[in-house]
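Colleague: the following block contains a protein sequence and its predicted model.
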Amino acid sequence: MDLAELRRRRLRVQGLRSPSDVSAPEVVRRFVAVQAQEYLPAQWGLAMRVPADRRPDATSVAAAIDAGEILRTHVLRPTWHFVAPADARWLVELSGPRVRQLQVSMLRSLGLDGAEGARGVDVVARALEGGHRTRAELGRALGEAGFPASGLGMIYVLMLAELERVAISGADVGRQRTYAAFDERVPASAPRPREEALAELAGRYLAARGPAGDRDFASWSGFTLTECRRAIADAVDGSRGRLVRLEVDGVEHWFDDEAADSGSAEHTDERGGVDLLQAYDEYVMGYAAPREYLFPPGRSLSAAPEFPMHAVVSDGVLAGRWAPVVAGRAATVKLSPWRAFSRAEERSLAASVTDLERFLGVPVTVQRLTE
């Protein structure tokens, strides 16, 4: 398989060409975990994978998050991810020890290792007994208990509370994010054997992102390459033939044969087109560097300009950068193309801007920048 075919398959299975998920929560469930550092752009990444006739706007996606149908927490590598309530507990149980191991030196430097870190988690737990709390409210509670009320110290106490299954995202208060008690938002479930959980993670990763290899899975999940190879082997053994092996430039990849054919025929668009992807979109971050599939000849990750930071992708290949600037009841898309677009690409870009406009619910103006 060549890179063009690899891109075609990934675009399709990710729902960027043949969306089959009927809601933003369903997108999250299918992907297991969706990187979500940037709150609004990450919601756009969910919405664009829903067919146009059902595509939610930003208000609808935010309402699903407020209702707890989508949760946001630090998990896997770790970074912010959207996860489904039914997956949150086992994902945190699985990746928590690995994350703690990676953060030992930082926690020690902040004086949050051992008993002191546990005491900070207890402070957060008591504060959340009264309901959802903003970061500022939790900062005050920590400050009163002798912990940092802001900065890195507070951030790491809150992350510890997430890893210990004490805190998770709550309902927004205006424009402020909140934390809620983990058990309030996440259904109870029995602990799962580590190997079983890793195998499920591998199988569902490949179903939503394949074809992908073991290094892709390791980069995305944060687990060691040895663990990931074993997990993929276990997933393949238990897949009853669904997970199929193929080679891309001599490298072993796997994909889910059923997932590859599960897109909506009604909404399939194999013509390709221009997509406005958020910088941490799963099409970008779901695979290991150097991501040859993503870059045109003569470009690499180091050559990509820092601003605008989001990805303009044409037929699965980076063709520029963009950034949305929302101000009141209007928005601007700052666009930095790397090359001239064809007429077909210009039409596809205009359609993508219209989709973004509907999502944001405000008029969008395009401002073209030069590198």
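Modeller: Structure received.

Colleague: surely residue 47 touches residue 61?
Modeller: Yes: under the criterion of Cβ atoms under 8 Å, residue 47 makes contact with residue 61 at 5.9 Å. For glycine as for every other residue, the C-beta is placed from the backbone atoms N, C-alpha and C.

Colleague: list residues touching both of these two?
Modeller: residue 24 (Cβ atoms under 8 Å, 6 or more residues apart in numbering).

Colleague: which of these two has more neighbours?
Modeller: For residue 47 versus residue 61, neighbours defined as other Cβ atoms under 10 Å are more numerous around residue 61 (27 against 21).

Colleague: not counting sequence-adjacent ones, nearest residue to that one?
Modeller: Distances taken as Cβ to Cβ, 6 or more residues apart in numbering put residue 43 closest to residue 61, at 4.3 Å, once the chain neighbours are dropped.

Colleague: contacts only, for that neighbour.
Modeller: 24, 58, 61, 62, 65.

Colleague: same thing with residue 326?
Modeller: Residue 326 makes contact with 40, 360, 362, according to Cβ under 8 Å, 6+ apart.

Colleague: so residue 244, which of the three states?
Modeller: Put simply, residue 244 is strand when judged by DSSP: H, G, I helix; E, B strand; the rest coil.

Colleague: what about the residue lying closest to it once chain neighbours are set aside, distance to residue 206?
Modeller: The shortest distance from residue 244 to any non-neighbouring residue, by Cβ to Cβ, 6+ apart, is to residue 257 (4.9 Å). The spacing between residue 257 and residue 206, counted by Cβ to Cβ, to the nearest Å, is 10 Å.

Colleague: do residue 152 as well
Modeller: 36 Å.

Colleague: who has more neighbours out of those two?
Modeller: residue 206 (27 against 12).

Colleague: about what we covered before: out of the contacts of residue 43, which sit inside strands?
Modeller: With DSSP state E as the criterion, strands contain none of the contacts of residue 43.

Colleague: hmm, back to that, tell me the pLDDT at the residue nearest to residue 244?
Modeller: Here, the pLDDT recorded for residue 257 equals 90.

Colleague: count the residues that sit near it.
Modeller: Look at residue 257: counted by other Cβ under 10 Å, it has 15 neighbours.

Colleague: pull the contacting residues for it.
Modeller: Residues counted as contacts of residue 257 (Cβ under 8 Å, 6+ apart) are 241, 242, 243, 244.

Colleague: repeat that for residue 117.
Modeller: Counting by Cβ under 8 Å, 6+ apart, the residues that residue 117 touches are 107, 157, 160.

Colleague: of those residues - the most surrounded one?
Modeller: Highest count within the contacts of residue 117 by other Cβ under 10 Å belongs to residue 157, 26 neighbours.

Colleague: does that residue touch residue 122 like I think?
Modeller: No: assessed by Cβ under 8 Å, residue 157 is found out of contact with residue 122, at 10.3 Å.

Colleague: related to what we said a few turns ago, I'd like the contacts of residue 117 as CSV, with pLDDT and distance to residue 316 appended.
Modeller: Listed next are the contacts of residue 117 as CSV, based on pLDDT from 0 to 100; distance: Cβ to Cβ, whole Å:
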residue, pLDDT, distance to residue 316
107, 92, 40
157, 97, 41
160, 96, 39
